[in-house]
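# Mind folding the following:
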Amino acid sequence: MTSSGAQSPTIELAQQLISRPSVTPLDEGCQQLIADRLSTVGFRIEHIPFGDVSNLWIRLGDTAPLVVYAGHTDVVPTGDEAQWAHPPFSATLVDGNIMGRGAADMKGSVAAAVIACESFAKQHASNMKGSLAMLITSDEEGPAIDGTVKVIETLQARDEQIDYCVVGEPTSSKTLGDFIKNGRRGSLGLSLTIHGTQGHVAYPHLADNPVHRALALLSDLTTNKWDEGDDNFPPTTLQISNVNAGTGATNVIPSDFQIELNLRYSPASPATSIKNTIEKMIEKHQVDATLQWKDSAQPFITEPGSLTQAMQQAIKTVTGKTAELNTAGGTSDGRFIAPVCKQVIEFGPTNATIHQINEHTSCEDLNNLTAIFENLFEQLLLSGEHHGNA
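Have a look, this model is predicted:
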């Protein structure tokens with residue numbers, strides 16, 4: 001059941017990482033494993049914990065430009081382990097794939113980046129023109145409060161400027177290298193509570209049903225066309241993710257109706273504009289409502305330039321594919337790095353099985369991903385032609 005390339009350093013390290021049950025915010029020693037490996041080739045190791053979250057900052061070199069790989073060692077829960085074909089933390093190799101929670105999102109990518117950094121350091125530490133670093137957290141899949149955002153604040157406080165950043169999220173769709181994410185839409189959450197008056201269902205004239213009152217409003221919200229997007233971003237979308245009302249009894253009109261909404265918004269519809277539109281809709285429908293907003297991610301874009309071109313060239317060299325720039329999908333820790341780094345992209349394995357039962361990724365893809373990362377580092381740090389934010 002072993003695969004081609006299964007004995008490569010990348011696959012061996014991926015198996016070691018996947019075998020550790022590091023469900024958010026746990027790290028379970030993954031970061032120490034990385035630190036021990038890269039310290040032997042000259043990287044300076046710094047553990048930056050906040051609360052229950054483990055963060056790792058490792059750097060080789062002191063000069064600009066600073067090239068950073070950002071990733072995470074935490075994973076989402078496994079779900080019903082009985083439904084897995086193989087135990088989710090066994091890191092089993094089957095038919096050319098490595099199976100397990102985090103194989104695609106994103107321990108496989110982290111392993112590829114570590115081996116690429118190790119190989120680059122062994123060959124080029126003495127002649128590189130710049131610095132190479134990794135930023136690893138155990139808080140990406142969770143609240144994302146004490147992870148990457150706190151490390152970025154720490155680096156800012158001591159004037160460590162990131163020039164290029166590659167976030168190793170699984171961005172590929174059908175085959176490795178078909179997509180690079182060069183930006184993401186924003187994420188705006190709304191907890192909306194519609195207030196009414198509780199009563200007996202047989203005497204509706206003595207009550208006020210908030211569910212009934214909300215129906216026209218929700219119809220407007222879900223059919224509204226927010227924008228057309230733009231050249232870089234798909235249109236803004238709204239989804240209802242949770243609803244709750246009632247006491248559990250079938251003969252009681254509820255007093256409140258709670259609705260959770262999320263909008264993934266493009267720059268064509270700023271968060272302030274969306275809030276204003278929704279508040280006007282509520283006023284139009286004359287409902288008594290309480291609103292709690294959470295603007296958890298601002299949209300960002302990296303225009304085509306030295307980083308996107310270098311990544312496209314690396315992908316072309318290794319796979320022969322021409323990667324397309326794309327901004328669709330969810331949020332990542334890139335949203336915390338973009339405000340302090342002008343060039344942030346995301347690239348990693350295929351995302352078809354992320355967060356699913358029987359998550360897996362191709363061993364061949366992970367070995368190719370290692371070669372892509374190393375080629376990228378060589379382009380950015382050996383020629384002296386790239387100058388980052390300068």
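# Residue 307 - nearest residue in space that isn't next to it in sequence?
Take residue 307 and drop its neighbours on the chain: the residue closest to it by C-beta to C-beta, 6 or more residues apart in numbering is residue 343, 4.1 Å away. Where you see a C-beta, it was placed from the backbone N, CA and C, and this is true even at glycine.
# Name all residues that make contact with that neighbour.
With contacts defined as C-beta atoms under 8 Å, 6 or more residues apart in numbering, residue 343 is in contact with 163-165, 302, 305-308, 388-389.
# same check, this time on residue 86
Residue 86 is in contact with 92, 94, 99-100, 358, counting by C-beta under 8 Å, 6+ apart.
# any idea of the pLDDT on it?
Note for residue 86: predicted pLDDT of 97.
# circling back to that earlier point, show me what the residue nearest to residue 307 bridges to in the sheet.
residue 164 (DSSP bridges).
# Among the contacts of residue 343, list the two that are farthest apart in space.
Using C-beta to C-beta, those reach their maximum pairwise distance at 308 and 389, which is 15.1 Å.
# And the two? Which one has more around it.
residue 308 (18 against 14; other C-beta atoms under 10 Å).
# quick one: contacts for the more buried one?
180, 182, 302, 325, 343, 345.
# now do residue 186
264-266, 271, 295, 297-299.
# Just the ones of these in helices?
Of these, the ones assigned to helices by DSSP state H are residue 271.
# TSV for the contacts of residue 186, including pLDDT?
Below are these laid out as TSV (pLDDT from 0 to 100):
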residue	pLDDT
264	95
265	95
266	93
271	96
295	92
297	88
298	89
299	92
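# any chance of the contacts of residue 186 in JSON lines, plus neighbour count and distance to residue 31?
What follows is the contacts of residue 186, written out as JSON lines (neighbours: other C-beta atoms under 10 Å; distance: C-beta to C-beta, whole Å):
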{"residue": "264", "neighbour count": "22", "distance to residue 31": "30"}
{"residue": "265", "neighbour count": "27", "distance to residue 31": "33"}
{"residue": "266", "neighbour count": "24", "distance to residue 31": "35"}
{"residue": "271", "neighbour count": "17", "distance to residue 31": "34"}
{"residue": "295", "neighbour count": "16", "distance to residue 31": "30"}
{"residue": "297", "neighbour count": "24", "distance to residue 31": "24"}
{"residue": "298", "neighbour count": "19", "distance to residue 31": "28"}
{"residue": "299", "neighbour count": "24", "distance to residue 31": "30"}
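# I'd like the list of the contacts of residue 186 that fall within strands, please.
264-265, 295, 297 (DSSP state E).
# would you turn the residues you listed into CSV with distance to residue 254?
Shown next, in CSV, are the ones in strands among the contacts of residue 186 (distance: C-beta to C-beta, whole Å):
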residue, distance to residue 254
264, 29
265, 30
295, 29
297, 32
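# ok, the residues you listed vs residue 236, which is closest?
For those, the minimum distance to residue 236 (C-beta to C-beta) is 4.3 Å, reached by residue 265.
# Nearest spatial neighbour of that closest one, chain-adjacent residues omitted?
residue 236 (4.3 Å).
# how many neighbours does the one you found have?
For residue 236, the neighbour count with other C-beta under 10 Å is 25.
# hmm, back to that, of the contacts of residue 186, which pair is most distant in space?
Spanning the widest gap among the contacts of residue 186 are 266 and 295, at 14.2 Å by C-beta to C-beta.
# Now the closest residue to residue 217 other than its chain neighbours. Its backbone dihedrals?
The shortest distance from residue 217 to any non-neighbouring residue, by C-beta to C-beta, 6+ apart, is to residue 285 (4.4 Å). When read as degrees, to the nearest 10, the backbone of residue 285 gives phi -90, psi 0.
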